[in-house]
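Enquirer: Predicted model, plus sequence, below.
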Amino acid sequence: MTRRIPLLPLEIGRRGVRALPLAGALLLGLPAGAQTAAADGKAAARPAARTVPAAKPAQKPAQKPATPREQLKSQAEGLALATTTVEAISDAQLDIASRVLTGTADCEFKQQVTVQPVAGQPGFFDVGYKGQRFTMVPEETSTGAVRLEDKRAGVVWLQIPTKSMLMNSKLGQRMVDACQQDEQRVAVNAAAGAAASIGIAPGGATDAAPPVATSR
């Protein structure tokens, strides 16, 4: 039995006769509809490449340079924070703090000063006067008087047994004087009673004039 070998189709052109590629030969052997389907299948097998545009990085708005006033304010706030953070309270200051009278003090010209301890900060006090608030700490004195000071504001609260006063240490002026709390009123009344019991009038004058020596 003789085996038949399929012949490849030939292409006749200006350059002579050449055999078509095997794929082309196979396509030539298919019907027209089958050739179109085969071509469409190849096209579908190769999806078109999509070009995705690269995302542009978000641009941050340019920051305006700080004005000289803003720079000074920032420096002042940083200095105040550093002073409050670094300032430590010694044992001697804590001893003075235990003698600070707290509450509302009635002062001259019907004015008032409030003194309250700062919560969570032993030795610190919040002193209020005419809507102003000063954070003060005790300072040692040579006279034994209780002294609270806000160094940043330059304000001092002085307390003695009979009265207290608020001072502006930068100007060397009293802000308000003759402030008394309940304990100081008791001390004043007790001193007045003791003076009266031994015949001493308020202000240092005596009820009777001392005898005058006369010569004969």
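Expert: Noted; the coordinates are in hand.

Enquirer: Ala66: what's it in contact with?
Expert: Ala66 is in contact with Ser74, counting by CB atoms under 8 Å, 6 or more residues apart in numbering. Where C-beta positions appear, they are placed from N, C-alpha and C, glycine not excepted.

Enquirer: 10 Å - rerun?
Expert: Residues in contact with Ala66, defined by CB atoms under 10 Å, 6 or more residues apart in numbering, are 72-74.

Enquirer: I'd like these as JSON lines, with secondary structure, pLDDT and neighbour count appended.
Expert: Formatted as JSON lines, the contacts of Ala66 follow (DSSP: H, G, I helix; E, B strand; the rest coil; pLDDT from 0 to 100; neighbours: other CB atoms under 10 Å):
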{"residue": "Leu72", "secondary structure": "helix", "pLDDT": "74", "neighbour count": "11"}
{"residue": "Lys73", "secondary structure": "helix", "pLDDT": "76", "neighbour count": "12"}
{"residue": "Ser74", "secondary structure": "helix", "pLDDT": "75", "neighbour count": "11"}
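
Enquirer: which one among those gets closest to Lys163?
Expert: Lys73 (37.8 Å; CB to CB).

Enquirer: Next one, pLDDT for Ala23 please.
Expert: You'll see Ala23 listed with a pLDDT of 48.

Enquirer: ok, how many other residues are close to Trp157?
Expert: 25 (other CB atoms under 10 Å).

Enquirer: Quick check, it in contact with Thr102.
Expert: No. With contacts counted by CB atoms under 10 Å, Trp157 stays clear of Thr102, the gap being 11.3 Å.

Enquirer: overlap in contacts of those two?
Expert: Common neighbours of Trp157 and Thr102 are listed as 115, 125 (criterion: CB under 10 Å, 6+ apart).

Enquirer: picking up where we left off before, kindly indicate which of the contacts of Ala66 lies nearest Gln63.
Expert: Of all the contacts of Ala66, Ser74 has the smallest distance to Gln63: 14.0 Å, by CB to CB.
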